[in-house]
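S.K.: Okay, sequence plus prediction incoming.
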Amino acid sequence: MKILFITHYFQPEPNFFVGLPFAKALQEQGHQVQVLTGFPNYPGGRIYDGYKIKFIQKEIMDGISVIRVPLYPSHDRSTIKRILSYMSLSLSQAAIGPWAVNKADVAYVSQGPATIGLPAIVHKILRRIPFVYSIQDMWPDSLLSTGMFNNKPGLKIINWWCKRVYNAASKIVVIAPGMKERLIERGVPEDKIEVIYNWCDDALICRKEPNEELKKQLGLDGKFNIIFAGNMGKAQAIEAVIKAAGILQNDYKDVQFVLVGSGVELDSLKKMTKELSLNNVKFLGRKPATEIGSILRLADVLLVHLKNDPLFEITVPSKTQAYLATGKPILIGVKGDAAKLVEDANAGLSCEPENFQDIAEKIKSFYFMDKKKLEEMGTNGANYYDSKLSFAVAREKHEKLFFDVKHK
């Protein structure tokens with residue numbers, strides 16, 4: 001098949017799900033993949049070194065044809081600048097893309113911002129390319145939950161637009177069962193929607209024995225380590241985790257919370273830790289992706305946490321799959337689909353999100369758990385990932401979907 005990726009983000013930007021590894025995997029199966037995207041600027045909002053915005057740029061990345069069109073680069077807290085960034089790229093993809101890309105059997109359209117639906121529809125009309133619409137975040141729900149945009153008339157317009165895109169798509173891929181239920185409630189036919197969970201970069205998974213030297217270097221030796229790795233923004237609500245650390249500090253001196261990563265809330269979290277005089281919270285900062293797997297293997301428990309919001313009940317944070325694949329027990333502080341995934345895998349325990357007392361109690365449960373039970377949970381998670389959530393499994397499901405759309 002000839003497959004066209006239409007996406008906001010592509011390598012060298014961090015995008016695995018509709019990125020270069022996925023494109024290469026499809027090409028290795030004999031398909032031809034072409035990518036229509038913008039000039040790389042995410043997550044910093046600045047054009048990457050080696051790139052300069054121009055009318056159009058064509059390049060070959062590991063055998064994949066990539067066509068880049070202009071955009072207004074921005075990824076800061078300004079809602080107006082974000083909208084300009086999203087709209088500028090989608091308009092470029094819609095205006096320039098149809099004349100720049102080759103004819104394809106199917107387009108795979110990755111919805112970060114819902115504006116990506118515009119070039120999808122234009123390519124369908126002008127080039128007769130049907131499209132599969134992949135939803136990572138529910139719009140307008142995610143805008144309201146994150147506080148990025150809360151203008152009621154504007155939200156109604158976005159909701160109207162999303163319905164138009166859903167109607168135009170041949171198939172819709174969602175990453176959690178709750179998303180499918182939400183779309184059905186909004187009038188999308190059930191047989192149009194496929195649930196395909198996100199996966200993680202299998203090449204970065206580490207299942208080796210923990211690196212004891214690294215453990216000492218990072219200050220994790222001799223501790224019961226609760227590790228959280230990823231973005232620390234408002235959605236993650238890590239303040240509750242810090243408060244849980246405060247509850248445990250005096251009586252469980254070897255329990256340590258290890259926070260890996262960065263984000264807009266990082267400075268305030270460090271300040272909060274200092275104000276509470278906590279010595280059981282360690283910030284490791286942002287680490288290269290190639291090192292994360294080895295760090296996760298040093299955990300006694302891996303932590304997933306999001307704020308207590310109905311939107312997050314119908315999604316699965318991508319770190320959940322990475323944690324399962326790593327083979328360590330998981331404390332999941334997210335209601336709904338994410339908690340059910342860990343429960344079905346028998347890979348950990350769940351806690352009430354933002355309930356610092358419950359977080360502390362569940363950590364105590366892990367702390368007093370038999371070591372063999374902890375190892376069993378980790379093994380269960382790894383086996384579940386391999387059989388149901390891996391890159392290979394997801395690729396096969398997508399291939400079948402593309403084939404069905406092509407021959408519809």
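M.R.: Right, received. Where do you want to start?
S.K.: N41 falls within a strand, correct?
M.R.: No: judged by DSSP: H, G, I helix; E, B strand; the rest coil, N41 forms no part of a strand; its state is coil.
S.K.: quick one: contacts for the residue nearest the centre of the chain?
M.R.: Closest to where the C-alpha atoms of the chain average out (C-alpha atoms, centre = their mean) is S318, at 4.2 Å. Shown in contact with S318 (C-beta atoms under 8 Å, 6 or more residues apart in numbering): 17, 198, 200. All C-beta atoms are positioned from the backbone trio N, CA, C, and that covers glycine.
S.K.: How about T379?
M.R.: Contacts for T379 (C-beta under 8 Å, 6+ apart) come out as G327.
S.K.: Check the one 5 residues further on too.
M.R.: Y384 makes contacts with 324, 344-347, as judged by C-beta under 8 Å, 6+ apart.
S.K.: where exactly do the strands run in the stretch 51-200 of the chain?
M.R.: Shown for the stretch 51-200 of the chain, the strands assigned by DSSP state E, counting those that start in this stretch span residues 57-61, 64-69, 106-111, 131-135, 171-174, 193-195.
S.K.: Tabulate those strands in a markdown table, adding columns for mean neighbour count.
M.R.: Listed next are the strands of the stretch 51-200 of the chain as a markdown table, based on neighbours: other C-beta atoms under 10 Å:
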| stretch | mean neighbour count |
| --- | --- |
| strand 57-61 | 12 |
| strand 64-69 | 21 |
| strand 106-111 | 26 |
| strand 131-135 | 25 |
| strand 171-174 | 23 |
| strand 193-195 | 18 |
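S.K.: right, so of those, which gets closest to G44?
M.R.: For these, proximity to G44 was assessed by C-beta to C-beta; strand 64-69 is nearest, at 17.2 Å.
S.K.: contact partners of the closest one?
M.R.: 10, 20, 23-24, 27, 33-39, 51, 55-60, 89, 92-93, 96-97, 100-102.
S.K.: And the residue nearest to the centre of the chain, what's its pLDDT?
M.R.: At S318, the pLDDT value in this model is 87.
S.K.: just checking, T290 is part of a strand?
M.R.: No: with three-state DSSP as the criterion, T290 is helix rather than part of a strand.
S.K.: How many residues are close by it?
M.R.: If you count neighbours by other C-beta atoms under 10 Å, T290 ends up with 11.
S.K.: tell me the pLDDT at it?
M.R.: For T290, the model assigns a pLDDT of 86.
S.K.: residue contacts, the closest residue to it other than its chain neighbours?
M.R.: Ranked by C-beta to C-beta, 6 or more residues apart in numbering and with sequence neighbours excluded, the top spatial neighbour of T290 is L204, at 6.7 Å. Residues near L204 by C-beta under 8 Å, 6+ apart: 289-290, 292-293, 322.
S.K.: again with V304
M.R.: Neighbouring residues of V304 by C-beta under 8 Å, 6+ apart: 228, 317, 319-320, 323, 330-334, 338.
S.K.: returning to that earlier point: ok, the residue nearest to T290 to S294 distance?
M.R.: 10 Å (C-beta to C-beta, to the nearest Å).
S.K.: What ranges in this protein fall below the confidence cut-off?
M.R.: Filtered on pLDDT under 70, the chain yields the residue ranges 77, 144-150.
S.K.: about what we covered before: just name the closest of the contacts of S318 to F403, please.
M.R.: Using C-beta to C-beta, the contacts of S318 come closest to F403 at F17, 19.6 Å.
S.K.: Give me the distance between that closest one and H398.
M.R.: 10 Å.
S.K.: How far off centre is stretch 66-78?
M.R.: In terms of C-alpha atoms, centre = their mean, to the nearest Å, the centre of stretch 66-78 is found 19 Å from the chain centre.
S.K.: Kindly export it (C-alpha atoms) in PDB.
M.R.: Extracted C-alpha coordinates of stretch 66-78, given in PDB (Å, rounded to 0.1, in the frame of the first residue of the first chain):
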ATOM      1  CA  VAL A  66       9.300  13.600   4.300                       C
ATOM      2  CA  ILE A  67       7.700  16.800   3.000                       C
ATOM      3  CA  ARG A  68       7.800  19.900   5.300                       C
ATOM      4  CA  VAL A  69       5.700  22.900   4.900                       C
ATOM      5  CA  PRO A  70       5.800  26.300   6.800                       C
ATOM      6  CA  LEU A  71       4.200  27.100  10.200                       C
ATOM      7  CA  TYR A  72       4.400  29.600  13.000                       C
ATOM      8  CA  PRO A  73       6.500  27.900  15.600                       C
ATOM      9  CA  SER A  74       5.300  28.200  19.200                       C
ATOM     10  CA  HIS A  75       4.700  26.000  22.200                       C
ATOM     11  CA  ASP A  76       4.500  28.300  25.200                       C
ATOM     12  CA  ARG A  77       1.600  29.100  27.500                       C
ATOM     13  CA  SER A  78       0.000  31.700  25.200                       C
END
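S.K.: where exactly do the helices run in the stretch 251-400 of the chain?
M.R.: Secondary structure of the stretch 251-400 of the chain, counting by DSSP state H, counting those that start in this stretch: helices at 266-275, 289-296, 318-326, 337-345, 356-367, 371-384, 391-406.
S.K.: Turn these into JSON lines, including distance to K81.
M.R.: As requested, the helices of the stretch 251-400 of the chain are arranged in JSON lines below (distance: least, C-beta to C-beta, whole Å):
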{"stretch": "helix 266-275", "distance to K81": "21"}
{"stretch": "helix 289-296", "distance to K81": "27"}
{"stretch": "helix 318-326", "distance to K81": "25"}
{"stretch": "helix 337-345", "distance to K81": "31"}
{"stretch": "helix 356-367", "distance to K81": "35"}
{"stretch": "helix 371-384", "distance to K81": "40"}
{"stretch": "helix 391-406", "distance to K81": "33"}
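S.K.: just checking, which of those helices sits deepest inside the structure?
M.R.: Greatest average neighbour count among those goes to helix 318-326 (a mean of 26), per mean count of other C-beta atoms under 10 Å.
S.K.: Which of the helices or strands spans I227?
M.R.: Take DSSP states H and E as the rule and I227 turns out to sit in strand 224-229.
S.K.: hmm, who's touching whichever helix or strand comes after that strand?
M.R.: Sequence-wise, the next helix or strand downstream of strand 224-229 (DSSP H and E) is helix 239-248. With contacts defined as C-beta under 8 Å, 6+ apart, helix 239-248 is touched by 228, 255, 257, 259, 265, 269, 272-273, 276, 278, 280-281, 303, 305, 333, 353-357, 359-360, 363-364.
S.K.: Thanks a lot, see you next time.
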